[in-house]
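Undergrad: sharing a sequence plus its predicted fold:
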Amino acid sequence: MTLHPALDALIAALLVGAAFFALVGSIGLVKLGDFMKRLHGPTKASTLGVGGVLIASILYFTVAGNAPFLHELLITGFVFLTAPIGAHLMAHAAMRFDATAEPPPAPGQKPERSDAG
């Protein structure tokens, strides 16, 4: 079965974008310095990468009509729900394990001193 060229281009663009985000997430995991910075790579960019692949799969199987897309839709929902929750729990555990681990201040905000007395 051949798809419409515009749909082919859309699915290909989604897959290329997803691969780019997955690559950026992997590089961020390797290159960034401490745990708090390193946590953003797999939870943000890689989630977009997996989401792009799943959305492309939903589009393809919806048009091709070979299989229901309910599985991909459920996987997408679970990935988008569990990745931020998992990152939050890992950051919380890291802050409990190491009392000096603090999230970086927001841009334009002065860092607070925790040893003020």
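TA: Perfect, I can see it now.

Undergrad: use CA for all of it now, contacts and neighbours both
TA: Will do.

Undergrad: any weak-confidence spans in this structure?
TA: Counting by pLDDT under 70, the chain contains low-confidence ranges at 1, 67-68, 99-104, 111-117.

Undergrad: got the contact list for the spatially most central residue of it?
TA: In the chain, the centroid-proximal residue (Cα atoms, centre = their mean) is residue 47; its distance is 2.1 Å. Neighbouring residues of residue 47 by Cα atoms under 8 Å, 6 or more residues apart in numbering: 22, 79-80, 83.

Undergrad: so how far does stretch 31-50 reach from one end to the other?
TA: Stretch 31-50 has an end-to-end distance of 21 Å (Cα to Cα, to the nearest Å).

Undergrad: tell me how far the residue nearest to the centre of the chain lies from residue 19.
TA: In this structure, residue 47 and residue 19 are 11 Å apart, going by Cα to Cα.
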